[in-house]
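**Q** structure for this input, please:
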Amino acid sequence: MKKITLPITEEQLKDLSAGDRVLASGYLYTARDAAHKRMYELLNEGKELPIDVSGQTIYYVGAAPAKPGYAVGPCGPTSSYRMDKYAPSLLDLGLKVMIGKGKRSDAVIESMKKNGAVYLVAIGGAAALIAKSITKSELICYEDLGTEAIYRYEVKDMPLIVAIDSNGNNVYVR
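**A** Numbering: from 1, shown residues only. Below you'll find the model as predicted:
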């Protein structure tokens, strides 16, 4: 089990290999389909994004309402392929880590290799367990999107698996 700190350093990133199990601590952003679409449209209009993605992590999630004593409610990963249209643009801006579930397109994998990024997967069906690793949640933007708004989470020992490393090695291809 490897421990990583988010935002990830170049040294940590290069030390990750497909299949590694990791515990992530630090800060990450959340964004799902609707938020990605808005950011993509901003980029196409030549406008700035509401967050600086350079060196950052985006978790594809929309958490359920928090129960008393928790920062968020159950928050399992969203199927990542739904962000594949938008991911290369964000990777070109320096996004280093994406967290979700499921396979990624060839275009995303090529962009990851070009930009030195990794794709981590959270275990689908473990939403309540994952929520226990989130210690703080702060709304950043797109409040009108509800659970699909962009949040900044503080995480402690979030359990993840490296699905695709920065060299393109892929646990989904054996």
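
**Q** which residues sit against the longest helix anywhere in the chain?
**A** Assignment by DSSP state H gives helix 33-44 as the longest helix of the chain. Among residues not part of helix 33-44, those counted as contacts by CB atoms under 8 Å, 6 or more residues apart in numbering are 31, 48-50, 78, 82-83, 85-86, 89-90, 93, 142, 145, 148-150. (C-beta placed from N, C-alpha, C; glycine too.)

**Q** just the helices in this structure please.
**A** For the chain, helices defined by DSSP H occupy the ranges 10-14, 33-44, 87-92, 106-115, 127-132.

**Q** output the second one in CSV with nothing but the alpha carbons.
**A** What it means is helix 33-44. Written as CSV, here are the backbone C-alpha positions of helix 33-44 (Å, rounded to 0.1, in the frame of the first residue of the first chain):
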residue,chain,number,x,y,z
ASP,A,33,-20.8,15.4,-16.1
ALA,A,34,-22.6,18.8,-15.8
ALA,A,35,-19.6,20.6,-14.3
HIS,A,36,-17.3,19.1,-16.9
LYS,A,37,-19.6,20.3,-19.7
ARG,A,38,-19.6,23.8,-18.3
MET,A,39,-15.8,23.9,-18.0
TYR,A,40,-15.4,22.5,-21.5
GLU,A,41,-17.7,25.3,-22.9
LEU,A,42,-15.7,27.9,-21.0
LEU,A,43,-12.5,26.7,-22.6
ASN,A,44,-14.1,26.7,-26.0
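
**Q** show me which residues of it are buried.
**A** The neighbour-count criterion (16 or more other CB atoms under 10 Å) identifies 33-40, 43 as the buried residues of helix 33-44.

**Q** ok, Val121 - contacts?
**A** By CB under 8 Å, 6+ apart, the contact set of Val121 is 77, 99-102, 160-161, 163.

**Q** just give the nearest non-adjacent residue to it, would you?
**A** Ala163 (4.5 Å; CB to CB, 6 or more residues apart in numbering).
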